[in-house]
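In: generate coordinates for the sequence data below:
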Amino acid sequence: LVLGTIAMANAASTLTVNSTGAITQSGVLTITSGTGAVSFNSGAVGAAITLSNNNDFRGAVSLTNVGAFNLAVTDANALSLGTISMANAANTLTLTTGAGGAITQNGGMTVNQLTITSGGAITLNNAANLITSLGAISRGGDLDIRDSAGGLTIGGTITAGTINNNVTIATLGGDLTLSANISNTGAGNQVILATDKNFINTAGAGAISAAGGARYLVYSTAPGLDTTGGLPFTFQQFSTIFPAAPSAGNTGNGFLYSSAAPIIPDTTQSTVNALLAQFKEKDDLYSRYQKLERSDFNSPIVLSYLPQHSDFLLVTDETGVGQDGLQTIHSSSYEVFGNDPLLLMKRKFLLR
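Out: Alright, predicted model coming up:
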């Protein structure tokens, strides 16, 4: 189906186009008044929908395609999207607007890959969005994209257009993978990447450029589960779930985690020696410590005091690296837990 010129000036007008094959255009589609909905459906088998002329849709545009075909919509001004349904895992949705033309939505979208060139802000944060990957995006204002399930890959660059603005890209239920560069600039502006799973950066240490007082924030679950790719940061903040902001003192680029802060051992020799002395007075820990050093490790061991948990001593080899295999050692007055050779000694008595 090839559409010629269509002009609709009535405020209550709607346009519905159904086809059993591809939908293209030779003229311009103009809805000059009102907010009437516009929908295009390429049939039960599916086919491409290509509406790339300088159209002017005043109402929400909905698209349906069940096949492995691409969809493209251009609006010379702003573009409002209704429901976008692209069920196949091999298709791309391309959105284009003219100068100052923002892109918004009032319905969810199911899209394999999303590519955008917008003259204005892009706000695609509907809770029903299912977006597998992002292609190249050029923006003219703030960018806000949310994916509701399954994870999201940023596979195209987000460096073109007007970059003196904010970028927010978030996904739920899966990893957020950064495989291309993102740029922004300007004091107070931020790049925010957020997931309730893991952050994976395959684009390297320079993947995010934040200049002129801008910064980037990455939200995930825990540092040990992320692949940062060398992305530099000035702070880490724990027990924080997107969209909660960083604490006032945490400035610059940062990683924020939903998990609690890890326990940091105090390896100050005077602390350890004093604690060992008290153990030696109370039971046979000192002799067992010597036995552990001789028989349970191939290298010298290190004892650390955990200030957050005063009933514990942390025992590791000199590298501080644990291995698989759970080991528990019991005695009359203490227990040792952990991964060999990462051991945790718990006192069963109070130090006095």
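In: mind listing what the residue lying closest to residue 221 once chain neighbours are set aside touches?
Out: Nearest residue to residue 221 in three dimensions, chain neighbours excluded: residue 258, at 5.2 Å (Cβ to Cβ, 6 or more residues apart in numbering). C-beta: built from backbone N, CA, C; applies to glycine. The contact partners of residue 258, taken as Cβ atoms under 8 Å, 6 or more residues apart in numbering, are 196, 219-222, 239-241.
In: can you say which of those are buried?
Out: Neighbour counting with 16 or more other Cβ atoms under 10 Å marks 196, 219-221, 240 as buried within the contacts of residue 258.
In: what is the nearest of those residues to residue 54?
Out: residue 219 (38.8 Å; Cβ to Cβ).
In: need the helix or strand of this protein with the lowest average pLDDT.
Out: When the helices and strands of the chain are scored by mean pLDDT, DSSP states H and E, strand 329-330 comes last with a mean of 30.
In: out of the contacts of residue 258, which two sit at the greatest distance?
Out: Farthest apart among those by Cβ to Cβ are 196 and 239. That separation is 14.1 Å.
In: got any ranges where this protein has weak pLDDT?
Out: In the predicted model, the chain carries pLDDT under 70 at residues 11, 32-35, 88-89, 263-352.
In: now with 90?
Out: For the chain, the stretches with pLDDT under 90 are 7-15, 20-21, 30-37, 42-47, 58-59, 65-69, 86-91, 224, 260-352.
In: could you pull out the helices for it?
Out: 269-282, 285-291 (DSSP state H).
In: who touches the closest residue to residue 87 other than its chain neighbours in this structure?
Out: Closest residue to residue 87 apart from its sequence neighbours, by Cβ to Cβ, 6+ apart: residue 66 at 5.0 Å. By Cβ under 8 Å, 6+ apart, the contact set of residue 66 is 42-46, 85, 87-88.
In: so of the residues you listed, which ones are in strands?
Out: residue 85 (DSSP state E).
In: give me the buried subset of the contacts of residue 66.
Out: When the contacts of residue 66 are checked for burial by 16+ other Cβ under 10 Å, the buried set is 42-43, 46, 85.
In: what about residue 76, how many neighbours?
Out: Using other Cβ atoms under 10 Å, residue 76 has 18 other residues around it.
In: so it sits against residue 55, correct?
Out: Yes - if you go by Cβ atoms under 8 Å, residue 76 and residue 55 touch, sitting 6.6 Å apart.
In: let's have the buried ones among the contacts of residue 258 in CSV, adding distance to residue 163.
Out: Shown next, in CSV, are the buried ones among the contacts of residue 258 (distance: Cβ to Cβ, whole Å):
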residue, distance to residue 163
196, 27
219, 21
220, 24
221, 29
240, 26
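In: now, which of those lie within strands?
Out: Filtering these for strands - DSSP E - leaves 219-220.
In: out of the buried ones among the contacts of residue 258, which one sits closest to residue 167?
Out: Set against residue 167, the nearest of these by Cβ to Cβ is residue 219 (13.5 Å).
In: need the contact list for that closest one.
Out: By Cβ under 8 Å, 6+ apart, the contact set of residue 219 is 170, 192-195, 199, 240-242, 256-258.
In: let's see that with 10 Å instead.
Out: 170, 176, 192-196, 199, 237, 240-244, 254-258 (Cβ atoms under 10 Å, 6 or more residues apart in numbering).
In: how far away is residue 2 from residue 262?
Out: Counting by Cβ to Cβ, to the nearest Å, the separation of residue 2 from residue 262 is 62 Å.
In: of those two, who's got more company?
Out: residue 262 (13 against 10).
In: shouldn't the more buried one be in contact with residue 224?
Out: Yes - Residue 262 lies in contact with residue 224 (Cβ atoms under 10 Å); the separation is 8.6 Å.
In: how close does residue 46 get to residue 192?
Out: Counting by Cβ to Cβ, the separation of residue 46 from residue 192 is 35 Å.
In: hmm, I typed the wrong one, I wanted residue 252.
Out: Taking Cβ to Cβ as the measure, residue 252 falls 14 Å from residue 192.
In: neighbour-wise, which of these two wins?
Out: Per other Cβ under 10 Å, whichever of residue 252 and residue 192 has more neighbours is residue 192, with 19 against 13.
In: show me what the more buried one is bridged to.
Out: Residues in a beta bridge with residue 192, per DSSP bridges, are residue 168, residue 217.
In: quick one, what contacts the nearest residue to residue 124 once chain neighbours are set aside?
Out: Excluding its sequence neighbours, the residue lying closest to residue 124 (Cβ to Cβ, 6+ apart) is residue 145, at 5.0 Å. Counting by Cβ under 10 Å, 6+ apart, residue 145 touches 114, 116, 122-126, 129, 131, 134, 137, 152, 154, 158, 167-171.
In: okay, now the closest residue to residue 110 other than its chain neighbours: neighbour count?
Out: The shortest distance from residue 110 to any non-neighbouring residue, by Cβ to Cβ, 6+ apart, is to residue 130 (4.6 Å). Residue 130: 17 surrounding residues under other Cβ under 10 Å.
In: pretty sure residue 130 contacts residue 112?
Out: Yes - if you go by Cβ under 10 Å, residue 130 and residue 112 touch, sitting 9.5 Å apart.
In: this completes my enquiry, with thanks.
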